[in-house]
Every structure is written in C-alpha cells, then in structure tokens.
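# next comes the sequence, and after it the predicted model I'd like to discuss.
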Amino acid sequence: MLNIILPIVQDAEKFNDFIKRVNSKNVKFFVGVKNSLATFISPAKNVEIHVFNDKSNKEEIINSLHSCKLEKGKILIARRPLTDEEFKNICLSQADIVTLKANHNRFVRFLKDLSTKIVKRFFAFSFFEDISAICYGENMFELISVCSNLSMASRINKYVGVELEEVVTSEKSVKKDYNRGLNLLKFAFWCLILLGSITGGVLICVYNQIQVLIGILIAFWIITALIIWCIGLINFTRTIAVGNLRYGRAEEKF
C-alpha cells in the first residue's frame, strides 16, 4: 500500500488532477486542504479529505495528517503535484528514502555536495535538497509513524544506516515557508557581531599594550564570535533550503 500525504494550500485543481491520474486500489490519499480550496477536491473511494483553517500552512497540515490511520506500506509526502515521470521513478525505487533533486551543472553540484558534507561533518545532519516530495519505504513505516514532527523529519536528514536515493527533476522546487526579511535580518545581526568583535579586538591591540592573558582573551572572544557566525550561516542557508523547522498542527474544521 502507498500512503500519499497531500498538503494543499494552493493549486488545488492541479492536485485534484494528480489524484485522478495516479489513483488506484493500491494507493490511499490523505488530503489536507484549506477551507477555501476544499470544493476543488473531488471525493473518491481512496481519498480521505481533511479541511483545515485558511491560515494553515502546508507544514502544519502535514503534522496534522500524520495522525491519520495510515496503512502498512510506503509513505509519500508530496508538497506539490508530481509529474508522471517523478511519481513513477519514486514508486519504483527500492531505497529506504527517496527524494527529488534539481538537475544542476557539475560546478553547482560540486558546491552543493561540498556544503552538505561540511554541515554533516560538523553538525551531524543535512537537509534534503528538494523538499517537494519524499517517499519512505515500507521498512521505514514504523519509524515514521511514531516520529514527533513529520514536517521536520521530511526536510532534515538525520537518518543513519538507511539507503537514500535522489530522483533528478527539472521541475521547480516547492516554495518554502519562512519569513525572508526576518531570516536575512538574523544573519545580518550575526555578521555585525562578528565584525564588531574583530574590530573591537583590533582596536584593543592597537591602543593598548597587550599582555599574554589579554591576548588570549581577545583571541577567544573572536573565535567564539566566529563560531556563532558559522552557526548563524548554517541556520540562514538551512532556512532558505527547507524553510522554518518547527511547526505545530493545523486546526481542522469540523
């Protein structure tokens, strides 16, 4: 059985077409749709529809749909309607986790892979490049069924000892949920902290006679600011890549 979780906050007609195209007896849809878009989704035997408040975003809807009674099998989370080729490649894969990735040239691919390795080496996690769709194999069903935050688990890669496959796509990635201005403002703040620390350390060295202890404290001060800046940079790029991490559950309308 293939369980497909669909959070619908836009393009409801395209999602409805996607459901009709791939619907079969071996597929069960769990649809979470905003109240204003509910009329665009056609009821069907294998489609379980949940209507949520119009202020809900797709990540909150995913967390709410996680409580549905999924049947033993694969779990596919699609944040946008998939093409026939994407859906076919995802379903045919035997990997534990299948995600999408953009078709970049070699240079861009090298930079992305390098940044992923650096983040994973120092922070023990990475993020999926394209969060538009992720599919968990049947052997992952029990784990995913009990995870505390499905939205986060489907965007951040903390999995160890599992086979991961990426399906190349030319389609545009789904829009991430985050405040772009606030994200940029936070990173600018950490940049100011680093620049201020470096400037302050240099001024102290220039206008004062430096003793060994003071020199050590200044070095420690600047290194600490640099580490904080690095963490801020990781959070900044991660937010751009997958959006804000922590979301609650959407309010379902009855």
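Nice, I can see it. Numbering: from 1, shown residues only.

# show me the helices in the stretch 151-254 of the chain, by range?
All helices of the stretch 151-254 of the chain, identified by DSSP state H, counting those that start in this stretch, fall at 180-207, 212-242.

# list the buried residues of the first one.
Going back to what we said before, that points to helix 180-207. Buried residues in helix 180-207, counting neighbours by 16 or more other Cβ atoms under 10 Å, are found at Asn183, Phe187, Trp190, Ile193, Leu194, Ser197, Gly201. The way it works is simple: take the backbone N, C-alpha and C, and place the C-beta from them, glycine included.

# show me what His50 bridges to in the sheet.
Gly32 (DSSP bridges).

# so where's the stretch 101-250 of the chain uncertain?
Counting by pLDDT under 70, the ranges of the stretch 101-250 of the chain that qualify are 103-125.

# all helices of the stretch 1-150 of the chain, in order?
Going by DSSP H, counting those that start in this stretch, the stretch 1-150 of the chain shows helices at 12-22, 58-65, 84-92, 106-123, 141-146, 150-153.

# and the closest residue to Asn235 other than its chain neighbours, what does it touch?
Leaving aside its sequence neighbours, Asn235 sits nearest to Lys186 (Cβ to Cβ, 6 or more residues apart in numbering; 7.4 Å). By Cβ atoms under 8 Å, 6 or more residues apart in numbering, the residues touching Lys186 are Gly232, Asn235, Phe236.

# gap between Lys186 and Ile5?
30 Å (Cβ to Cβ, to the nearest Å).

# repeat that for Leu185.
For Leu185 relative to Ile5 (Cβ to Cβ), the value is 33 Å.

# nearest spatial neighbour of Asn179, skipping sequence neighbours?
Asn244 (7.9 Å).

# same check, this time on Ile218
Gly201 (4.5 Å).

# nearest to Lys69, of the buried residues of helix 180-207?
Asn183 (36.4 Å; Cβ to Cβ).

# quick one: residues contacting Leu70.
Contacts of Leu70 by Cβ under 8 Å, 6+ apart are Asn3, Lys28, Phe30, Phe141, Ser145.

# mind running it again at 10 Å?
Going by Cβ atoms under 10 Å, 6 or more residues apart in numbering, Leu70 touches Met1, Asn3, Ile4, Ile5, Lys28, Phe30, Phe141, Ile144, Ser145.

# which of the residues you listed are buried?
Buried among the contacts of Leu70 by 16+ other Cβ under 10 Å: Asn3, Ile4, Ile5, Lys28, Phe30, Phe141, Ile144.

# Ile214: neighbour count?
Using other Cβ atoms under 10 Å, Ile214 is surrounded by 13 other residues.

# repeat for Glu71
12.

# contacting residues for the residue nearest to Ile97 when sequence neighbours are not counted?
Computed as Cβ to Cβ, 6+ apart, the closest residue to Ile97 that is not its neighbour in sequence is Leu164, at 4.9 Å. Going by Cβ under 10 Å, 6+ apart, Leu164 touches Ala95, Asp96, Ile97, Val98, Thr99, Ser126, Phe128, Asn157.
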